[in-house]
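A.B. asks: task: produce atomic coordinates for the following.
(chains A, B and C)
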Amino acid sequence: MTTNMKAQTQVDEQMLLLSQYYPGIYDQLVPEQEEVVKPRRRRKKNKTDGNSSGFRKRKLSDEQVTLLEENFGNEHKLESERKDRLAAELGLDPRQVAVWFQNRRARWKSKKLEEEYNKLKTEHDSTVLEKCRLETEVLKLKEQLSETEKEINKLVERSDGISSTSPSSSFSMEAMGPPFLGGFGMEGLENVFYLPENNYIQGMDWLNI
DNA sequence: ACGGCGAATCCGTTACATCA
DNA sequence: GTGATGTAACGGATTCGCCG
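C.D. replies: Here you go, the predicted structure:
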């Protein structure tokens, strides 16, 4: 297989997964192609096999399946030598062994796909949950900010009133000391706003933050 | 490098067996 | 009897390795 073919195969596999997991996105990426419906040849019913020994399709015995499963566990691919050996060991036609491996690979692949889907779904769900949590937190913080701004405006207005009637008794933030933020329901926001070492801001400088 | 060929494999489907 | 489900088997397409 050439490098290009390998790359194309990888792309095809990725697109296949994409189409399975995110059909909407896949449809956007790959516009629907004109459908070419080829009539499949219908398989004819056949109740007997070549040697007329009864039903053509018989269930494999538990022992046969066990041995086949053991072999499949060791290696999913079936080399011709191993196929013949297994067939002889199980008293089956090599073609039957080949078909069993083919079907088993298909089952294995579909199971893998399902597991991968469940894994992605779990990841997706927890991400959505985390997004909701963060959005709620943002709303809460916005509300707190709005409340704080209202309080600040009130204080500023009061301060303006006082200073206009009595200039000597100017409003001092220093007088409020460190518990200032706590008074506005800002507990726990020390890490959000930068505060100087003495834990409060001189005068009205904090308005510039 | 290219095309033809046969074997192996994949994919989708059908037919049959089994069970609730 | 019947529908759902599991699986052996099939047909066609694709892939791969070999050869002339």
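A.B. asks: quick one, phi psi at residue A:78?
C.D. replies: Comment: the main-chain dihedrals of residue A:78 come out as phi -130, psi 100, following degrees, to the nearest 10.
A.B. asks: residue A:120: neighbour count?
C.D. replies: When neighbours are counted by other Cβ atoms under 10 Å, residue A:120 registers 13. To be clear about C-beta, it is placed using only N, CA and C from the backbone, and glycine gets the same treatment.
A.B. asks: is any part of the host helix or strand of it close to DNA strand B?
C.D. replies: Residue A:120 belongs to helix A:94-165 when elements are defined using DSSP states H and E. Yes. Between helix A:94-165 and DNA strand B, judged by Cβ under 7 Å from any atom of the strand, the touching residues are A:98, A:102, A:105-106, A:109.
A.B. asks: ok, and of the residues you listed, which contact DNA strand C?
C.D. replies: Checked against DNA strand C using Cβ under 7 Å from any atom of the strand, those yield the following neighbours: residue A:102.
A.B. asks: highest neighbour count among the residues of helix A:94-165 next to DNA strand B?
C.D. replies: By neighbour count, taken as other Cβ under 10 Å, the most surrounded of those turns out to be residue A:98 (16 neighbours).
A.B. asks: surely that one meets residue A:83?
C.D. replies: Yes. In this structure, residue A:98 is within contact of residue A:83 by Cβ atoms under 8 Å, at 5.9 Å.
A.B. asks: can you list the domains in chain A?
C.D. replies: In the domain annotation for chain A, the residue ranges read A:60-134, A:177-209 (automatic domain parsing).
A.B. asks: which of those has the lowest mean pLDDT?
C.D. replies: Averaged per stretch, pLDDT over these is lowest on domain A:177-209, reaching a mean of 41.
A.B. asks: list the contacts for residue A:135?
C.D. replies: Contacts were defined as Cβ atoms under 8 Å, 6 or more residues apart in numbering; by that measure residue A:135 touches no other residue.
A.B. asks: neighbours around residue A:104, how many?
C.D. replies: The number of residues packed around residue A:104, counting by other Cβ under 10 Å, is 17.
A.B. asks: the spatially closest residue to it that is not a sequence neighbour and DNA strand C: what is the separation?
C.D. replies: Excluding its sequence neighbours, the residue lying closest to residue A:104 (Cβ to Cβ, 6 or more residues apart in numbering) is residue A:72, at 5.3 Å. Distance from residue A:72 to DNA strand C, counting by Cβ to the nearest atom of the strand, to the nearest Å: 11 Å.
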